[in-house]
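Student: one predicted model, sequence on top.
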Amino acid sequence: MDAEDVAQVVLMKTLRSIGSFDGRARVTSWVYRITRNASLDHQRAQRRDQRLAEKAEWLAEVRTPRLEDPLDDIEMKRTLRLIRTLLTELPMTQREVFDLVALQGLKPSEAAQLLEMNPNTLRVHLLRARRRMRKEMLAQPREKEIRGNDG
């Protein structure tokens, strides 16, 4: 599947930039460079995904403080699982930005510089990520409310 993804990217980039081909190199050399760059981009994205998966795994292993009320303890664990799940469902850019700022503690300006992104653009992605996470978390049924309605 990875090869098909890269091939599709190569085809799209080739078609998009065919007008800029100046003929100084052979067409095969030019397409090879496009293919090489697309492969490297794909590998970088996979490494980013792997690091994020490792962070999510680390979050899963983080011990939550033991709360006095067992129901509160269950709710805390449930909330952490939900956050990990929602994090993996964010679009890649929002996930990266949220990871750097919210999980790793970088300042938005530092994260923007690291990602070579305009700071205002980064803030928009962060805002969207937070809104989506909040919306999804609020949409989840609350255990206590459900239990309270049953009995």
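Tutor: Sure thing, it's come through.

Student: from here on, just use CA atoms for contacts and neighbour counts.
Tutor: OK.

Student: thought Ser109 was touching Leu100, still the case?
Tutor: No: counting by C-alpha atoms under 8 Å, Leu100 stays clear of Ser109, with 10.8 Å between them.

Student: of the two, who's got more company?
Tutor: Per other C-alpha atoms under 10 Å, whichever of Leu100 and Ser109 has more neighbours is Leu100, with 20 against 16.

Student: what kind of secondary structure is the nearest residue to the more buried one once chain neighbours are set aside in?
Tutor: Spatial nearest neighbour of Leu100, excluding adjacent residues (C-alpha to C-alpha, 6 or more residues apart in numbering): Leu106 at 5.7 Å. Under the three-state scheme (DSSP: H, G, I helix; E, B strand; the rest coil), Leu106 adopts coil.

Student: the one 10 residues further on now?
Tutor: Three states are possible here, and by three-state DSSP the one that applies to Glu116 is coil.

Student: return the distance of the helix or strand hosting His42 from the chain's centre.
Tutor: Per DSSP states H and E: His42 is located in helix 27-61. Chain-centre distance of helix 27-61: 13 Å, with C-alpha atoms, centre = their mean, to the nearest Å.

Student: so which elements touch that helix?
Tutor: helix 2-17, helix 70-89 (3 or more C-alpha pairs under 8 Å, 6 or more residues apart in numbering; DSSP states H and E).

Student: pick out the shakiest of these, pLDDT-wise.
Tutor: In terms of average pLDDT, helix 70-89 trails the rest of the helices and strands packed on helix 27-61, at a mean of 78.

Student: angle of that one against helix 27-61?
Tutor: Helix 70-89 runs at 180 degrees relative to helix 27-61, counting by axes from the mean of the first three to the mean of the last three C-alpha atoms, to 10 degrees.

Student: what are the buried residues along helix 70-89?
Tutor: Glu75, Met76, Lys77, Ile83, Arg84, Leu86, Leu87 (16 or more other C-alpha atoms under 10 Å).

Student: and what of stretch 126-144?
Tutor: The neighbour-count check on stretch 126-144 (16+ other C-alpha under 10 Å) flags Leu126, Ala129, Arg130, Arg132, Met133 as buried.

Student: please apply the same query to stretch 34-50.
Tutor: When burial is assessed from 16+ other C-alpha under 10 Å, stretch 34-50 yields the following buried residues: Ile34, Thr35, Ala38, Ser39, His42, Asp49.
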